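>>> Next input, structure requested:
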Amino acid sequence: MSLQTLADKVVVITGAGSGIGRALALRAARGGALLALSDWNAESLAETVRLAEQAGAPKVRHDVVDVSDREAVRAWAEGVVEEYGRVELVVNNAGVTATGDFTDLDYDDLDWIVGVNFYGVVHGSKEFLPHLVASGNGALVNVSSLFGLVSAPGQSAYNATKYAVRGLTEAIREEMLVAGHPVTVTCVHPGGIRTGISRNGRKAAGLDAARIDALFEKNLARTSPDRAAQIILDGALAGKPRVLVGLDAHVIHHLAKLAGARYQDVVARMTSRMPLR
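Just a heads-up that it's a prediction; the model follows:
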């Protein structure tokens with residue numbers, strides 16, 4: 001059984017201050033959901049709250065939370081359940097990028113991206129999953145990436161975290177099925193989405209950050225956040241195990257499956273023609 005509707009459902013979204021997270025919040029608001037939103041940026045989160053209330057959200061709880069902080073996520077989850085009494089849908093969406101060859105990224109960059117992209121999903125899933133089970137009809141949605149299906153040079157750390165999110169999410173889904181728990185589990189793989197994720201991400205020393213951001217925003221980010229949010233929520237409500245977002249995600253994933261491991265050779269040749277220094 002899938003969730004089917006957002007009306008009067010308690011919907012939890014991380015990274016709700018911008019991009020896909022904000023778009024998810026606004027679509028859920030228009031669907032009549034009771035919202036519990038978090039982001040690390042208080043100012044951008046406040047703007048999302050304002051827009052969600054304008055969009056008709058019956059109620060919006062918002063908390064400034066660093067998802068890499070286990071105790072902070074635990075306290076947030078406890079607060080949400082105490083206020084609402086239940087949770088039906090959780091979207092672990094918060095994510096960051098760290099661009100650069102593996103040899104050029106420092107340990108601080110690696111710790112940072114693993115903390116947000118992987119442990120943020122671990123913490124959100126761990127703290128909210130018992131409440132989704134208790135709801136009797138819950139849905140867990142974890143946002144991976146197209147780069148959780150295929151790799152790319154310069155994205156080793158991002159790839160690692162997004163592959164980890166995929167593995168974690170698929171295993172959780174299997175565990176829910178084995179246990180017979182009333183929770184659907186969806187792993188989301190967006191392609192290029194028009195958000196500020198590149199501008200807000202980290203780059204290794206020596207890279208041309210402006211050039212990298214321009215390449216992403218002009219050539220790669222083809223799907224709007226609102227369209228991405230629609231696809232994600234439709235998939236979650238239908239209980240789909242995997243959701244690909246954007247034509248690029250579908251095409252690249254399909255081509256990589258056809259080419260097998262040799263897709264890596266093709267990607268390497270293409271990337272060598274796009275110097276980023």
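
>>> Was I right to think residue 149 contacts residue 254?
No - using CB atoms under 8 Å, residue 149 is not in contact with residue 254; the gap is 10.2 Å. Placement of C-beta: from N, CA and C, glycine included.

>>> neighbour-wise, which of these two wins?
residue 149 (21 against 11; other CB atoms under 10 Å).

>>> which residues does the closest residue to the more buried one other than its chain neighbours contact?
The shortest distance from residue 149 to any non-neighbouring residue, by CB to CB, 6 or more residues apart in numbering, is to residue 253 (5.1 Å). Residue 253 is in contact with 146, 149-150, 189, 244, counting by CB atoms under 8 Å, 6 or more residues apart in numbering.

>>> so how far is the helix or strand hosting residue 253 off the chain centroid?
Applying DSSP states H and E as the criterion places residue 253 in helix 247-259. Centroid separation for helix 247-259 versus its chain: 20 Å, with CA atoms, centre = their mean, to the nearest Å.

>>> Check which helices and strands the helix or strand just after that helix sits against.
Next along the chain after helix 247-259, taking DSSP H and E as the criterion, comes helix 263-271. Counting contacts by 3 or more CB pairs under 8 Å, 6 or more residues apart in numbering; DSSP states H and E, helix 263-271 packs against helix 247-259.

>>> between the helix it packs on and helix 263-271, how big is the angle?
Calculated by axes from the mean of the first three to the mean of the last three CA atoms, to 10 degrees, helix 247-259 forms an angle of 130 degrees with helix 263-271.

>>> Check which residues of helix 247-259 are buried.
248-249, 252-253, 256 (16 or more other CB atoms under 10 Å).

>>> any residues touching stretch 192-200, and which ones?
18-20, 95-97, 99, 146, 212-213, 216-217, 220-225, 228, 245-246, 248.

>>> Those residues, buried ones only, as a ChimeraX selection?
Entered in ChimeraX, the line below selects the buried ones among the contacts of stretch 192-200, by 16+ other CB under 10 Å:
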select :18,19,20,95,96,97,99,146,212,213,216,221,223,225,228,245,246,248
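
>>> mean confidence score for the longest strand seen in the chain?
When the chain is scanned for its longest strand (criterion: DSSP state E), the result is strand 183-190. If you average the pLDDT over strand 183-190, you get 98.

>>> Going along the chain from it, find the next helix or strand for me.
strand 202-203.

>>> Which strands and helices lie in contact with that next one?
strand 98-99, helix 107-113.

>>> CA-only coordinates of the last one in CSV, if you can.
Going back to what we said before, that points to helix 107-113. In CSV, the C-alpha atoms belonging to helix 107-113 read as follows (Å, rounded to 0.1, in the frame of the first residue of the first chain):
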residue,chain,number,x,y,z
TYR,A,107,40.3,15.3,4.4
ASP,A,108,38.2,18.2,5.6
ASP,A,109,36.3,18.2,2.2
LEU,A,110,35.8,14.5,2.4
ASP,A,111,34.6,14.6,6.0
TRP,A,112,32.2,17.4,5.2
ILE,A,113,30.5,15.8,2.1
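
>>> what does that helix rub up against?
Under the contact criterion CB under 8 Å, 6+ apart, helix 107-113 has outside partners 68, 96-98, 100, 157-158, 161, 202, 204.

>>> Please apply the same query to stretch 35-51.
10-18, 21-22, 25-26, 28-29, 52, 57, 59-67, 76, 80, 83-84, 87, 94.

>>> swap the cut-off to 7 Å and go again
Outside of stretch 35-51, the residues within contact range by CB atoms under 7 Å, 6 or more residues apart in numbering are 10-18, 21-22, 25-26, 28-29, 52, 57, 59-66, 76, 80, 84.

>>> Just the ones of these in helices?
Among the contacts of stretch 35-51, the members falling in helices (DSSP state H) are 21-22, 25-26, 28-29, 52, 76, 80, 84.

>>> just curious, which of the residues you listed is nearest to residue 176?
residue 80 (20.5 Å; CB to CB).

>>> The one helix or strand residue 170 maps to - what's its average pLDDT?
Residue 170 is part of helix 156-179 when elements are defined by DSSP H and E. Mean pLDDT, helix 156-179: 98.

>>> This completes my enquiry, with thanks.
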